[in-house]
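Chemist: fold the following, please.
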Amino acid sequence: MEMLIDFPGGARVDAHFGPFTVHTDQPPVASAPTPFATFLASIGTCAGIYVLGFCQQRGLSSEGIRILQRIHSNPLTGMVENIELEIQLPPSFPEKYKQAVIRSAELCAVKKHFENPPHIQVTSTSA
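Modeler: Below you'll find the predicted structure:
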């Protein structure tokens, strides 16, 4: 997979891949989320895909299900130290599936990459 990253103006930085473009920006204008906010959102949305798939495979309604993501940062370094994903289920959600839906969310590919992070190599070329 390749992504082309370009700079459309101001503090905007966009990523293009396939038919999609992910727009990012920086405050104070912030016409789009920051790259880091987009990264953090990918954690919760990835878990959400797995929760949704879990429900669909079992014929369970996903109505009323949400995930609350809490990010805890170290006040000295500003680095994220802990991320909580709270799957909020409606009262009608079957009790027998509550632990299984948690295990399903834990299979998220983004989360799995934190367990075995990729090596990132940065180079430059003249284009």
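
Chemist: from I120, how far out is V13?
Modeler: Between V13 and I120 the computed distance is 17 Å (C-beta to C-beta, to the nearest Å). For every residue, glycine as well, the C-beta is placed using N, CA and C.

Chemist: got the contact list for the one residue sitting closest to the centre of the chain?
Modeler: Nearest to the geometric centre of the chain sits S42, at 1.2 Å (C-alpha atoms, centre = their mean). Residues in contact with S42 (C-beta atoms under 8 Å, 6 or more residues apart in numbering) are V110.

Chemist: would you say it is within a strand?
Modeler: No: S42 sits outside any strand when classified using DSSP: H, G, I helix; E, B strand; the rest coil, being helix.

Chemist: that older thread, show me which of V13 and I120 is the more surrounded one.
Modeler: The neighbour count for V13 versus I120, taken as other C-beta atoms under 10 Å, is higher for V13 (17 against 5).

Chemist: ok, that one touching T34?
Modeler: No: assessed by C-beta atoms under 8 Å, V13 is found out of contact with T34, at 9.4 Å.

Chemist: mutual contacts of those two, please.
Modeler: Counting by C-beta under 8 Å, 6+ apart, the residues touching both V13 and T34 are 24-25.

Chemist: what does stretch 82-100 rub up against?
Modeler: 40, 43-44, 47, 51, 54, 58, 60-61, 63-72, 101-102, 105.

Chemist: span of stretch 79-95 from start to end?
Modeler: Start-to-end span of stretch 79-95 (C-alpha to C-alpha, to the nearest Å) is 36 Å.

Chemist: roughly how far is it from the heart of the chain?
Modeler: Relative to its chain's centre, stretch 79-95 lies at 14 Å (C-alpha atoms, centre = their mean, to the nearest Å).

Chemist: show me where the protein has strands.
Modeler: 4-9, 12-17, 20-24, 66-73, 80-88 (DSSP state E).
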